[in-house]
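In: show me the folded form of this:
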Amino acid sequence: MQAPGEQNQTQVDLNFGVRLTCRYCRDEVPNIVEDFTAGDLVCGGCGLVLGDRIIDTRSEWRTFDDKEGDDPSRVGDSANPLLDGDQLDTIIARGGVDGISRSLNRAQDRSAGKNGDHTLLQAYREISAMCDSYDIPKAIAAITKQLYKKVFDEKLHRGKNNDAIIAVCILLACRKGEAARTFKEICALTNVDRKEMTRAYRFLKSRLGGDTTATTSSNDLIARFCSNLNLDQDTWRIARLLTEKAKDMENISGKSPLSIAGACIHMASYLVGSGRDAKAISRIAGVGEATIRSTYKILYANRHALLTAEITDRCPRAREANLVDL
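Out: Numbering: from 1, shown residues only. Purely as a prediction, here's the structure:
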């Protein structure tokens, strides 16, 4: 007699040896086709149905826009956190008989307009287009959309110029993302009047609080201005050191970051030997040539305090204070 454990083990081994074959073909290597569309097991030789109601065990891909091959996603697209609702959208084809499709489209548009998704999507498209046209990084565009979503949720945009609201969101996003842009640059980008943008900025600053604490400093503008002027890394480093030293000077504290950055680049370019005149810098910085000259005169009068040992070590010409005297 066999022990119960041995008998069960033998049955399991025999079950593993079961092989499905066609009773008509009786091939040693059966050609069995799994037809998942009909749910049948079919003999590939004679077409005999050997089984039905089989379960499709393959992965259920749900997206169909992958051109490289199978998409490993087992679900649909992820939800957009910048939109409200479950986002289970349905597209209704136009046409049809008796105007039914047209009526359904109108009903769908009214439903979409109630939850505000249409307004948000339109604003997001405008933000993306503006940021792309001005070479603003994608991360800054994402921050801009988050700020606009907060403004939209708190209903701060009602009764306001929506273009000005978007312009302020771009300005604040650039400051938060350490890619500062000036008021003048954002006005040129969005075609919004300076007064309208200033009014919207003051309104949002009083409502958003912590999202408007970041400011634009002259040091944030140095790298971009030097790049646009085709200046080398040495000029950029010295200009940055000059701005860090100049911001502590009492007689220059009332100047705008644009004029301070332009004057420091003007001084640094002459120290390195690749001088740029005030006219060329004014075109890049977006500030008047006379403003840059007047700020530079203040820096030149305090040049002995500005040209520290760190600057003289980087630039030998700074030891002689070889600067242009305006």
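
In: buried set for the one helix or strand residue 281 maps to?
Out: Take DSSP states H and E as the rule and residue 281 turns out to sit in helix 278-285. Neighbour-count burial for helix 278-285, counted by 16 or more other Cβ atoms under 10 Å, picks out 278, 280, 281, 282, 284, 285. In this view, the C-beta of every residue, glycine as well, is placed from N, C-alpha and C.

In: ok, the third one touching residue 225?
Out: Spelled out, that is residue 281. Yes - using Cβ atoms under 8 Å, residue 281 is in contact with residue 225, at 7.4 Å.

In: where do the contact lists of those two overlap?
Out: Shared contacts of residue 281 and residue 225, defined by Cβ atoms under 8 Å, 6 or more residues apart in numbering, comprise 262, 265.

In: and the strands in the chain?
Out: Counting by DSSP state E, one finds strands in the chain at the ranges 32-35, 40-43, 49-52.

In: residue contacts, the nearest residue to residue 170 once chain neighbours are set aside?
Out: Counting by Cβ to Cβ, 6 or more residues apart in numbering, residue 170 lies nearest to residue 144, which is 5.1 Å off, once chain neighbours are set aside. When contacts are counted by Cβ under 8 Å, 6+ apart, residue 144 is found next to 127, 131, 166, 169, 170, 172, 173.

In: the first one contacts residue 166, doesn't it?
Out: To tie it back to what came earlier, the one meant is residue 127. Yes - in this structure, residue 127 is within contact of residue 166 by Cβ under 8 Å, at 6.1 Å.

In: overlap of the contact sets of the two?
Out: Joint contacts of residue 127 and residue 166 (Cβ under 8 Å, 6+ apart) are 144, 148.

In: who's more crowded, the two?
Out: residue 166 (26 against 23; other Cβ atoms under 10 Å).

In: from residue 135, how far off is that one?
Out: For residue 166, the distance to residue 135 equals 18 Å [Cβ to Cβ, to the nearest Å].

In: per-domain residue ranges of the chain.
Out: 117-212, 218-320 (automatic domain parsing).

In: nearest spatial neighbour of residue 178, chain-adjacent residues omitted?
Out: According to Cβ to Cβ, 6+ apart, the nearest residue to residue 178 is residue 220 (7.0 Å).

In: just checking, the one you found touches residue 181?
Out: No - at 9.3 Å, residue 220 does not count as touching residue 181 under the criterion of Cβ under 8 Å.

In: low pLDDT regions in the stretch 101-250 of the chain?
Out: 108-117, 210-214 (pLDDT under 70).
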